[in-house]
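> Sharing a model prediction with you, sequence too.
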Amino acid sequence: MGVATFAAGCFWGVQYKLSKVKGVIKTTVGYAGGNVENPSYEEVCSGETGHAEAVQVFFDEKIVSYKELVSVFFSIHDPTQLNRQGPDVGTQYRSVIFCHNDIQIKQALEIKKQLEITNKYKQPIVTEIVPFTNFYKAEEYHQDYFRKKGID
């Protein structure tokens, strides 16, 4: 089983979209890349912890590849918006791929470069591609939020 961690704005919609990918076994929303252990939602929203709202994805590598997940990641948000997605503004909403190993870094950089070469976006891609450092599961009421609210 593979693991990937992505941040692309508010984690509710990101989790929903990634959970629909064939081969994804489980998704968990949480906070990644910051400098405070076990932050609360309120602390992350202050912008002072350095965390991004993120989704950790566990997937069957025989069904879906990491590269395919990175491609889905880029397709479900606007990677040209710095520290925001739509109405959500702040560093906690930044676009980030947290890579769990050197192979993931290489593959994510390749896909980002391909997107830049094709000029798919009118603005530069600001998505950060960084080594994974930490992930803290968000409060239970954030998990599978869309499903809990009947949004499908």
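Arrived safely, thanks for sending.
> Quick one: find the helix or strand in the chain with the lowest mean pLDDT.
Least confident helix or strand of the chain, by mean pLDDT, DSSP states H and E, is helix 145-148 with a mean of 81.
> Could you list the low-pLDDT ranges of the protein?
Low-confidence segments of the chain (pLDDT under 70): none present.
> Please identify the helix or strand for Leu18.
helix 11-19 (DSSP states H and E).
> so what does the helix or strand just after that helix touch, helix or strand wise?
Sequence-wise, the next helix or strand downstream of helix 11-19 (DSSP H and E) is strand 24-32. Applying 3 or more Cβ pairs under 8 Å, 6 or more residues apart in numbering; DSSP states H and E, we find strand 24-32 packed against helix 11-19, strand 52-59, strand 135-137. All C-beta spots, glycine's among them, are computed from the backbone N, C-alpha and C.
> hmm, back to that, can you spell out which helices and strands pack onto the helix holding Leu18?
Using 3+ Cβ pairs under 8 Å, 6+ apart: helix 11-19 touches strand 2-8, strand 24-32, strand 52-59, helix 66-75, helix 145-148.
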